[in-house]
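*Asks:* I'll drop the sequence and a predicted model, then ask my questions.
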Amino acid sequence: MRARLSTLIALFAIAALALPAGATPVPGDPDFLPTLRTEQTFFHCASAVKVQNVDAIQGNTPSWDTTAPTTSFTAGGGCGFYDNILSGTAVAGPTNSAIWTGTFDGNLDSIEVELHRLLAGAGGSVTFPALVMTLTVDGSVVYDGDVEGFMWLPSSTGASESATMTFTDLGYLTEHGDGFETREITLQVDSYNEAQTAWVFDASEVPAGLTFNPATATFPTVKV
């Protein structure tokens, strides 16, 4: 009797293993529920060259990862883009602005941008005229235009100032759960003629970067 019971239990176990696993819901299924994973990232220099326009011209564009910069400018850290009145940036082409290219894995609905800059010209903390910003996801330009309303906050040293903004309603909600699809993203930033700007990053004083799917959207926001 005991042997027969053991045999039945073994058969049930084999049958359970043979059952097909539940399929992951896809868009249109009643159980489909995309969720958003928040990830903070920081811009990093593409090389040891301090003026990253040189790297961008050669197609070596700065990117981002989740590691915060720890070296200060005074200790040799950091780099930047010189953004002059001849706006215009292209990967592997002439660059007079700032450009970063990288990836994010998973569903994507918003991106917060944190920028830090030095100014050669207009100084102090001011409400700066609009920036021209271009956001590309998987080869498609999702926004290309002015962004107004930046409020620049001076750093503790007074040598730089920072501001944030958020792109919202991107709508890349294609996978159940957080998702894992890798998305290729490019951000370009151009200033207007009122001041020549140096966009600085990858130093402890200037932790510029992107936060994907932030918990709250920071002003100004751009609905795409």
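*Replies:* Perfect, thanks for sending it. What you are looking at is a predicted structure, and each value in this text was computed from that prediction instead of being measured. Numbers count the residues shown, from 1 in each chain.
*Asks:* drop to CA atoms for contacts and neighbour counts, all remaining ones
*Replies:* Will do.
*Asks:* Setting the sequence-adjacent residues aside, check what's closest to S97.
*Replies:* What sits nearest to S97 in space, not counting adjacent residues and going by CA to CA, 6 or more residues apart in numbering, is D83, at 4.3 Å.
*Asks:* for D105, same thing?
*Replies:* T182 (4.3 Å).
*Asks:* where do the helices sit along the protein?
*Replies:* Along the chain, counting by DSSP state H, helices occupy 2-18, 53-57.
*Asks:* Between these, which has the poorest mean confidence score?
*Replies:* Confidence, taken as mean pLDDT, is least for helix 2-18 of these (a mean of 48).
*Asks:* which residues touch stretch 162-181?
*Replies:* 24-27, 32-37, 105-117, 142, 150-155, 217-224 (CA atoms under 8 Å, 6 or more residues apart in numbering).
*Asks:* again but with stretch 133-152, I slipped
*Replies:* 125-132, 161-165, 170, 183-190, 219-220, 222, 224.
*Asks:* Using PDB, list the CA coordinates for that stretch.
*Replies:* Provided in PDB are the C-alpha atoms of stretch 133-152 (Å, rounded to 0.1, in the frame of the first residue of the first chain):
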ATOM      1  CA  MET A 133      16.300  69.800 -26.100                       C
ATOM      2  CA  THR A 134      16.100  66.700 -28.300                       C
ATOM      3  CA  LEU A 135      15.100  63.300 -26.900                       C
ATOM      4  CA  THR A 136      15.400  60.200 -29.000                       C
ATOM      5  CA  VAL A 137      14.200  56.700 -28.000                       C
ATOM      6  CA  ASP A 138      15.000  53.700 -30.100                       C
ATOM      7  CA  GLY A 139      15.800  55.900 -33.100                       C
ATOM      8  CA  SER A 140      12.600  57.900 -32.900                       C
ATOM      9  CA  VAL A 141      12.700  61.600 -32.000                       C
ATOM     10  CA  VAL A 142      10.000  61.900 -29.300                       C
ATOM     11  CA  TYR A 143      10.700  65.600 -28.500                       C
ATOM     12  CA  ASP A 144      12.600  68.300 -30.300                       C
ATOM     13  CA  GLY A 145      12.000  71.800 -29.200                       C
ATOM     14  CA  ASP A 146      12.200  74.500 -26.600                       C
ATOM     15  CA  VAL A 147      11.900  73.800 -22.800                       C
ATOM     16  CA  GLU A 148      11.200  76.900 -20.700                       C
ATOM     17  CA  GLY A 149      11.000  77.700 -17.000                       C
ATOM     18  CA  PHE A 150      14.300  76.400 -15.700                       C
ATOM     19  CA  MET A 151      15.200  77.700 -12.300                       C
ATOM     20  CA  TRP A 152      19.000  77.600 -11.900                       C
END
